[in-house]
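Student: I would like to see how this sequence folds:
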Amino acid sequence: MPIANGAETWERNLWKKSGAASRQDAGGRAREVRVRQYVPGDRPAIRELCCNTGFLGDPIDSVFQDRRCFADLYTGAYLEHEPEWALVAEDEGRIVGYLLGSVRQDFDLLLMRNGFPIATRMFCKWITGGYARHPRSGRFVRWLLRRGYHEQPHHPAPAAHLHFDLEDQYRGRGIARQLWGAFEIRLRAAGVKRCYGSFFSHPRRRPEAVYARYGFSVFDRRPTSLFEPEVSEVEVVCMHKELAHGLTRRTRVTNGL
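Tutor: Numbering: from 1, shown residues only. I've put the predicted structure just below:
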């Protein structure tokens, strides 16, 4: 699906609607955190940020030490197949947040096709002792193969999908609103009627309230055992937003975390 109006138009509209998020430098001067279109050179930084926040905002390493596979699993489908929908938040040349998106009608199938060789690589490494020095990584692989699919919430279809991430110290500065605002402008320009995103929620961190401020509501939620025993009572929550009136049907996503 083509992106209407071009990058300059949606970015200009975004600044008019929300303004620039800012933070102070060492001298107390405000500086802007810029939201812009993804370029291929951003990929390593996005993959690193994905791993650095993969354990409920903390680095994934204590749960799963294979960063290459983890980043492939959670960012690969977007960056390989629909990079034109990706956005990044940049602070003085450093990527501090991103929003990856998809508008494909076959997104579930795309995730399966992307995830199968990654899961196979993880499985082969596991059974040949590749994770022997870190048993928790082996448990992560077992969860992915045995429980991962069944612990995913339903989502609306057809709908665009987004995967969002932001460094913890940059939360609460309006950067999430900038990223979502830019993405929504592009979705509406392309005639997309609805979108959804899935994320982890637990008693100490409930992102539902943040999404609700942007007009999202809960579509479905399911408990997940991914982070047990380290953290219990974690859910995967699917939030959706109607950009135009229309009916939705319920379907299952294979990996929308």
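
Student: Run the chain-centre distance for stretch 143-156.
Tutor: Here stretch 143-156 is found 16 Å from its chain centre; the criterion is Cα atoms, centre = their mean, to the nearest Å.

Student: what is the rounded mean pLDDT of it?
Tutor: Per-region confidence: stretch 143-156 scores 94 on mean pLDDT.

Student: Can you give me the first-to-last residue distance of it?
Tutor: Taking Cα to Cα, to the nearest Å, the first and last residues of stretch 143-156 lie 25 Å apart.

Student: In space, what's closest to residue 216 - neighbours in sequence excluded?
Tutor: Closest residue in space to residue 216, ignoring its immediate chain neighbours: residue 239 at 4.1 Å, by Cβ to Cβ, 6 or more residues apart in numbering. Where C-beta positions appear, they are placed from N, C-alpha and C, glycine not excepted.

Student: Now do the same for the one you found: helix, strand or coil?
Tutor: strand (DSSP: H, G, I helix; E, B strand; the rest coil).

Student: hang on, isn't it packed against residue 220?
Tutor: No - look at residue 239 against residue 220 with Cβ atoms under 8 Å: they stay out of range, at 9.4 Å.

Student: Which of these two has more residues huddled nearby?
Tutor: residue 239 (26 against 19; other Cβ atoms under 10 Å).

Student: So what touches stretch 48-55?
Tutor: Outside stretch 48-55, the residues that touch it by Cβ atoms under 8 Å, 6 or more residues apart in numbering are 59-64, 67, 70-71, 74-75, 95-98, 165-168, 227, 230.

Student: With stretch 202-214 instead?
Tutor: 56-57, 176-177, 180, 197, 199, 201, 218, 231, 233-235, 237, 239, 241.

Student: Now do the end-to-end distance for it.
Tutor: Its first and final residues considered, stretch 202-214 spans 20 Å by Cα to Cα.

Student: Please point out which parts of that stretch sit buried.
Tutor: The neighbour-count check on stretch 202-214 (16 or more other Cβ atoms under 10 Å) flags 207, 210, 211 as buried.

Student: again, but for stretch 231-248
Tutor: Buried residues in stretch 231-248 (16+ other Cβ under 10 Å): 231, 234, 235, 236, 237, 238, 239, 240, 241, 243, 248.

Student: Double-check that the fourth one belongs to a strand.
Tutor: Which is residue 236. Yes - when three-state DSSP is applied, residue 236 is found to be in a strand.
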